[in-house]
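[1] Using only what follows, build the 3D model:
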Amino acid sequence: MASSTAGQVIKCKAAVAWGAGEPLKIEEVEVAPPQTMEVRIKVHYTALCHTDLYFWEAKGQTPLFPRILGHEAAGIVESVGEGVTDLKEGDTVLPVFTGECGECRHCKSEESNMCDLLRINTDRGVMINDGKSRFSINGKPIYHFVGTSTFSEYTVTHVGSLAKINPEAPLDKVCILSCGVSTGMGATLNVAKPKKGSSVAIFGLGGVGLAAAEGARIAGASRIIGIDLNSDRFEKAKLFGVTEFINPLDYKKPIQEVIAEKTGGGVDYSIECTGNAKAMIQAFESSHDGWGVAVLVGVPHSDAVFATSPVNFLNERTLKGTFFGNYKPRSDLPGLVELYLEKKLELEKFITHEVSFADINKAFDYMIKGESLRCVINVIGD
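    Numbering: from 1, shown residues only. Have a look, this model is predicted:
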């Protein structure tokens, strides 16, 4: 039976960013019905990711306001548009900033998750179907964000950007699988693929870096070395399997030399999670010759340059990159939820704060002050 609101405009609350760095304002917005290949969902929980903060601050990119941010979330399908056959009202879903159309070369490849149709586009503030927004206030369009816009009680996404998951999963926990945790963990498990008993270096111990460490722990790495400029992060990192810590500020020599001395020539695997070009080079040069693998996860500035001697490659080191941990959203995220339900994956330790929807700006404050890994925002209010 169709939802009582299917096909109708829904009025609800949303946290609207009206300008760069301005506190979000809870507004009544109108959310249009989903169009062809679109789904409207009721958001239950959403979390703040650093990407939301970055585009809210509008530093280094073209500002686009007013906008509804948010992309880590979990919710329930309210209604579906024409052509949607694999989701229905009442299904439990995770919206994702990228997607899986299932038809393009990337989706059909076992090697790639970079969907041609639904790959992340941070500049687009409208739906790809008709180039229009589904949000408005008094007839004025409010822009979307990375196809998700989860800082709203209801949102509309392309069906290819929704992963259907086990309805038994607690949405206030699994919502964080929509971005950072999957990105870091997948970089380790899907791209680096560390062997049991191996050594792994994690550059940057923020949320993504700790997720990469969690992946190394799950894989059975015997040494997990955390590298960060903030020594206050080291104690927390122990919960994610990190066995030893290095603060580059404590040494006068290049950190890759320090790691080489401590590990007998370098680590087996190195995961870079900061987006700093210097750290990327250090991570690569910290890997052992002959078999070392380095994976770049962090997103650098567009003008950044990666410079290292070609000899480092000739000495049989491997450099890889990753996007969303090489997970295909619709195909792979349901499996990660099952890992959590089987208690093989721990999510609670990533969640340091929870706030009400009305207090969403507190989540930004926690992140700016460096006090939170993930702050979950209770949108449904139960």
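[2] in the worst-scoring helix or strand of the chain on mean pLDDT, what's buried?
    Sorted by mean pLDDT, DSSP states H and E, the helices and strands of the chain end with helix 50-57, the least confident at a mean of 90. For helix 50-57, a neighbour-count test (16 or more other CB atoms under 10 Å) marks T51, D52, L53, F55, W56 as buried. To be clear about C-beta, it is placed using only N, CA and C from the backbone, and glycine gets the same treatment.
[3] Could you list the low-pLDDT ranges of the chain?
    Applying pLDDT under 70 to the chain flags residues 1-2, 60, 382.
[4] Tell me the helix or strand right after the least confident helix or strand of the chain.
    Sequence-wise, the next helix or strand downstream of helix 50-57 (DSSP states H and E) is strand 72-80.
[5] That next one versus helix 50-57: what angle between them?
    On the basis of axes from the mean of the first three to the mean of the last three CA atoms, to 10 degrees, strand 72-80 is oriented at 80 degrees to helix 50-57.
[6] Pull up the pairing partners for strand 72-80, direction included.
    The strands beside strand 72-80 in its sheet (DSSP bridges) come out as strand 38-47 (antiparallel), strand 92-95 (antiparallel).
[7] Nearest to I377, out of the ones you listed?
    Ranking the strands paired with strand 72-80 by their distance to I377 (criterion: CB to CB) puts strand 38-47 first, at 5.0 Å.
[8] CA atoms only: put the closest one into PDB for me.
    C-alpha atoms of strand 38-47 as PDB (Å, rounded to 0.1, in the frame of the first residue of the first chain):
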ATOM      1  CA  GLU A  38      14.400   8.700  -7.400                       C
ATOM      2  CA  VAL A  39      13.500   7.800  -3.900                       C
ATOM      3  CA  ARG A  40      12.200  10.000  -1.000                       C
ATOM      4  CA  ILE A  41      13.400   8.800   2.400                       C
ATOM      5  CA  LYS A  42      12.700   9.800   6.000                       C
ATOM      6  CA  VAL A  43      16.000  10.400   7.700                       C
ATOM      7  CA  HIS A  44      16.300   8.900  11.200                       C
ATOM      8  CA  TYR A  45      19.900   9.600  12.000                       C
ATOM      9  CA  THR A  46      22.700  11.500  10.300                       C
ATOM     10  CA  ALA A  47      26.300  12.200  11.200                       C
END
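[9] chain center to it, what's the gap?
    Centre-to-centre, strand 38-47 and its host chain are 16 Å apart (CA atoms, centre = their mean, to the nearest Å).
[10] which stretches of the stretch 251-382 of the chain form strands?
    In the stretch 251-382 of the chain, the strands defined using DSSP state E, counting those that start in this stretch lie at 269-272, 293-296, 318-321, 351-356, 374-378.
[11] what's the first one in contact with?
    When contacts are defined by CB atoms under 8 Å, 6 or more residues apart in numbering, strand 269-272 is touched by residues 184, 187-188, 192, 194, 198-204, 209, 212, 216, 221, 279-280, 282-284, 286-287, 292-298.
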